[in-house]
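Undergrad: Sequence plus predicted model, see below.
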Amino acid sequence: MTQTCPECEGPVQLAEPVRLSEISQCPDCSSELEVTGLAPVTLALAPEIEEDWGE
Ligand SMILES: [Zn+2]
């Protein structure tokens, strides 16, 4: 199925079955998108994962 990127509004292909918390990457803006809902399917920008090595 195809969803709309919340960042650039471009089409993002999702493999079915879509699963919650699945991460997809937008082919247009390279944003990482997380599936945040299934009915209907919603996408949100995935939080940037930063390595935290402590100090
Ligand atoms: Zn995008």
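TA: Noted; the coordinates are in hand.

Undergrad: Now the residue most central in space within the chain: closest residue in space that isn't a chain neighbour?
TA: With distances taken as C-alpha atoms, centre = their mean, the residue of the chain nearest its centroid is L33 (1.4 Å). Among residues not flanking L33 along the chain, L43 sits closest, at 4.5 Å (C-beta to C-beta, 6 or more residues apart in numbering). Where you see a C-beta, it was placed from the backbone N, CA and C, and this is true even at glycine.

Undergrad: List the strands paired with the helix or strand that contains the one you found, with their directions.
TA: Here L43 sits within strand 41-45, counting by DSSP states H and E. Counting by DSSP bridges, the strands paired with strand 41-45 are strand 32-38 (antiparallel).

Undergrad: picking that back up, so what touches the strand holding L43?
TA: Contact with strand 41-45 is made by 1, 3-7, 12, 14, 18, 24, 31-36, as judged by C-beta atoms under 8 Å, 6 or more residues apart in numbering.

Undergrad: of these, closest to E48?
TA: E48 has its nearest neighbour among the contacts of strand 41-45 in E32, at 7.9 Å by C-beta to C-beta.

Undergrad: burial of the closest residue to the closest one other than its chain neighbours, as a residue count?
TA: Ranked by C-beta to C-beta, 6+ apart and with sequence neighbours excluded, the top spatial neighbour of E32 is A46, at 4.1 Å. Neighbour count for A46, taken as other C-beta atoms under 10 Å: 17.

Undergrad: Kindly provide the distance from the residue nearest to L33 to S30.
TA: For L43, the distance to S30 equals 14 Å [C-beta to C-beta, to the nearest Å].

Undergrad: neighbour-wise, which of the two wins?
TA: L43 (23 against 9).

Undergrad: what pairs with the more buried one across the strands?
TA: V35.

Undergrad: Distance of it relative to the ion?
TA: The gap separating L43 from the ion is 9 Å, by C-beta to the ion, to the nearest Å.

Undergrad: Please list which of the contacts of strand 41-45 also come close to the ion.
TA: Counting by C-beta under 5 Å from the ion, 5, 7, 31 from the contacts of strand 41-45 sit close to the ion.
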